[in-house]
Structure formats: C-alpha cells, structure tokens
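*Asks:* Turn this into a model:
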Amino acid sequence: YLFADLTEVQLQADVVTYSAAIGACERASRWQHALALLEGLEVSSVKPDAVLYGAAVSTCARGGSWQSALGLLQDLEEKRVSNDVIIYNAAISACQRGSAWIEAVSLLATAEEHHVTPDIISYNATICALEQPKLWQKALAVLQGMEDAGEQPDAISLNSAISVCESATAWQQALLLWLDVGDRGLRPTV
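*Replies:* Presented below is the predicted three-dimensional model:
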C-alpha cells in the first residue's frame, strides 16, 4: 500500500526501500506481506537481489512457513540470483521450525550442488530439525558429516545431539557425547 503512495507522489522505491520493508515484515512476523512485496517487484524496475531474498526467506522462517521459504529458494535459482549460506541457513531454520526434517536434511545435502558451503549454523539447524526420538541416528550422522566437512561441533551441536539421544533413550550415545562436550572444553546444557 505504501509503495502505491510512493508512485502517486512520483517517488521510486529501490532495493534499500524494499529491503527495509521486508525487514519490517520480519520483525512483525508478517511473512505473507514480505512475499507480496517480492511479488510486487515483478512490475517495478527494481531487480531482487540476494539481500532481498535472504530477508524474505528469514521472514518465512520466523513465521514458520517452510514451504514458502523453499519456494523462494527455488525462485532465487530460477532467476539466477546469487545464493549464499545465510539464505540456505534461513531456509533450513524454516524447515526446523516447521518440523520438516526431511527438507532440512535435503537442503544440507544439496547445498554444495548450489555453490553453497554449509557452515556450523547449517549443521546445527539441521541437527535441531532432527530432535525427535526416532531420528537420533540421523542427528548423529549429521554431526559426523559436520566433522568430516572440517566444521568443529560447538556446544549447540553437541547439546542438540545429546538431547535427541536422550529423548530416544539412547543413553550410551548421549553419555559419549556428553563426555565429548567436556573433552572439547565446552559446557553441556542438557
């Protein structure tokens, strides 16, 4: 609505204006409005960039709309907008919040195909997405994959994995991880 008013007074919205508006949508948990703003770019002269898409994906994550976040990732690739780990992490977080663990694991597994190198946040969000008793072995596999990729688990990684094992009554694994937390000089919180 505001953007229509801008054109009436002959002002032009730019990437910064749209980015600020999408950021406001995120703070207000209005992911639908953020998507509407992005769609409105189709008729404007503003070309969406990674910052705009990242803000919109983060807004969807905050609002729990993992399907919309994944749709934006696909749109980003179709429009050949450069992708980065921050956008991927936001999409994985959206999946985690929406209990869409299969999609979270898939995003982590395919990140490098899309020229994105997962970081500790990518792995941690995926492990958190697997916090269900029946998924403890998958969580441990992600933890191992993290180390294989050269990322050192932090307290969040290990505590999340401990929590998954604990809920699955895989107490031996939970104990081994708890000892690993201490060996790494980290503090367990579970």
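*Asks:* end-to-end on stretch 58-73?
*Replies:* In stretch 58-73, first residue to last residue: 11 Å (C-alpha to C-alpha, to the nearest Å).
*Asks:* residues of it that come out buried?
*Replies:* Buried residues in stretch 58-73, counted by 16 or more other C-beta atoms under 10 Å: 58-63, 65-66, 68-70, 72-73. (C-beta placed from N, C-alpha, C; glycine too.)
*Asks:* So what's the model's average confidence on it?
*Replies:* Here stretch 58-73 scores 94 as its mean pLDDT.
*Asks:* from the middle of its chain, how far away would it be?
*Replies:* From the chain centre to the centre of stretch 58-73 is a distance of 8 Å (C-alpha atoms, centre = their mean, to the nearest Å).
*Asks:* if we can go back for a sec, need the buried residues of stretch 58-73 in CSV (columns: distance to Ser45 and secondary structure).
*Replies:* Listed next are the buried residues of stretch 58-73 as CSV, based on distance: C-beta to C-beta, whole Å; DSSP: H, G, I helix; E, B strand; the rest coil:
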residue, distance to Ser45, secondary structure
Ser58, 25, helix
Thr59, 23, helix
Cys60, 25, helix
Ala61, 28, helix
Arg62, 29, helix
Gly63, 28, helix
Ser65, 28, coil
Trp66, 31, helix
Ser68, 25, helix
Ala69, 26, helix
Leu70, 28, helix
Leu72, 21, helix
Leu73, 24, helix
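*Asks:* do you know how far the residue sitting nearest the centre point of the chain is from Leu70?
*Replies:* Centroid check for the chain by C-alpha atoms, centre = their mean gives Ala90 as the closest residue, at 2.3 Å. Using C-beta to C-beta, to the nearest Å, we find Ala90 at a distance of 11 Å from Leu70.
*Asks:* Moving C-terminal from the helix or strand containing Trp136, which element do we reach first?
*Replies:* In this structure, Trp136 sits in helix 136-148 according to DSSP states H and E. Next helix or strand after helix 136-148 toward the C-terminus (DSSP H and E): helix 155-167.
*Asks:* still on that earlier bit, tell me the average confidence for the helix holding Trp136?
*Replies:* Computed over helix 136-148, the average pLDDT equals 96.
*Asks:* gap between that helix and the chain center?
*Replies:* 18 Å.
*Asks:* Counting neighbours, show which residues of it come out buried.
*Replies:* Buried residues in helix 136-148, counted by 16+ other C-beta under 10 Å: 136, 138-140, 142-143, 146.
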